[in-house]
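*Asks:* Pasting the sequence and the predicted coordinates here, then a few questions.
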Amino acid sequence: MEAVLFDLDRTLVDLQTYTDYGAAWEDTEAMIGSWDDLPTPETDWDAPTQRCMSILVALSGDPRWSRVSEAIAVHEMAAVAASHAMPRLAEALELAQGIPRAVVTLVAEAPARAVLARHGVDIPVLVPRRPDLRPKPAADQLREACRLLRAAPSRTVMIGDSTWDAGAAAGAGCGFVGVAATEDGAARFGRGVITGGDLVVALELAGRLV
Ligand SMILES: [Mg+2]
């Protein structure tokens, strides 16, 4: 394995549980109106989270994107102080020492950097949501991370908790290992996707994948 890419939310830390995406959704709709038929795939996220992330995906390339992203980021930043580390984070970071690594996330840059700092995650290469990259489940953010790490996608593994992470990895030509604490959680990825019960197990599986 040349490099490992980590999703942020509910992979390294849990920010989502404390982020008021319901309020973010209301703020967003106040700006751009309601959007009935968002052209993005389903996830197992709650409706407000799915709605906010889907709006960002659907607005990719649209001039309104940055304003909407900033409105959502206010709520993400407000959740940083309450966020918690996912199980075995410290051990996984220790295990990943020496492997080129990046965080690839749909969270905006400022709250992503703040939550990484709060939990002592020393991974300087961060590819947050950005107006110039189509967000996950598109492959752009993963390709950008591989470019920054000078790693071949085929020798790089993405570790994440959502089907959007898996889809983005497939699109970028990276390997993928899901993090899923339960059998139900693992089942959401479908057959053929390798999953580990926590970050350490996922990282060990990733090392054997490519
Ligand atoms: Mg996630």
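*Replies:* On my side now, so go ahead.

*Asks:* For the protein, which element, helix or strand, carries the lowest mean pLDDT?
*Replies:* Ranked by mean pLDDT, DSSP states H and E, the weakest helix or strand in the chain is helix 47-58, scoring a mean of 88.

*Asks:* In terms of secondary structure, what does it contact?
*Replies:* Where contact means 3 or more Cβ pairs under 8 Å, 6 or more residues apart in numbering; DSSP states H and E, helix 47-58 is packed against helix 21-32, helix 65-79. (C-beta placed from N, C-alpha, C; glycine too.)

*Asks:* how about that helix: buried residues?
*Replies:* The neighbour-count check on helix 47-58 (16 or more other Cβ atoms under 10 Å) flags Pro48, Thr49, Gln50, Arg51, Cys52, Met53, Ser54, Ile55, Leu56, Val57, Ala58 as buried.

*Asks:* thinking again about what came up before, just send the helices and strands packed on helix 47-58 back as JSON lines, with mean pLDDT, distance to Arg113 and mean neighbour count too.
*Replies:* Output for the helices and strands packed on helix 47-58, formatted as JSON lines (pLDDT from 0 to 100; distance: least, Cβ to Cβ, whole Å; neighbours: other Cβ atoms under 10 Å):
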{"stretch": "helix 21-32", "mean pLDDT": "93", "distance to Arg113": "19", "mean neighbour count": "17"}
{"stretch": "helix 65-79", "mean pLDDT": "97", "distance to Arg113": "10", "mean neighbour count": "19"}
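
*Asks:* Out of those, which gets nearest to Ala102?
*Replies:* Nearest to Ala102, of all the helices and strands packed on helix 47-58, is helix 65-79, at 19.1 Å by Cβ to Cβ.

*Asks:* Is there proximity between the closest one and the ion?
*Replies:* No - judged by Cβ under 5 Å from the ion, helix 65-79 makes no contact with the ion; its nearest approach is 12.7 Å.

*Asks:* can you list contacts of that helix?
*Replies:* 15-21, 23-24, 27-28, 31-32, 52, 55-56, 59, 107-108, 110-111, 114, 129, 131 (Cβ atoms under 8 Å, 6 or more residues apart in numbering).

*Asks:* Kindly recompute the last result at 7 Å.
*Replies:* Identification of contacts with helix 65-79 by Cβ atoms under 7 Å, 6 or more residues apart in numbering yields 15, 18-21, 23-24, 27-28, 31-32, 52, 55-56, 59, 107-108, 110-111, 114, 129, 131.

*Asks:* go on, stretch 184-192?
*Replies:* For stretch 184-192, using Cβ under 7 Å, 6+ apart, the contacting residues are Asp44, Thr163, Ala166, Gly178, Ala180, Thr195.

*Asks:* at 10 Å what do you get?
*Replies:* Outside stretch 184-192, the residues that touch it by Cβ atoms under 10 Å, 6 or more residues apart in numbering are 43-44, 160-163, 165-166, 176-180, 182, 193-197.
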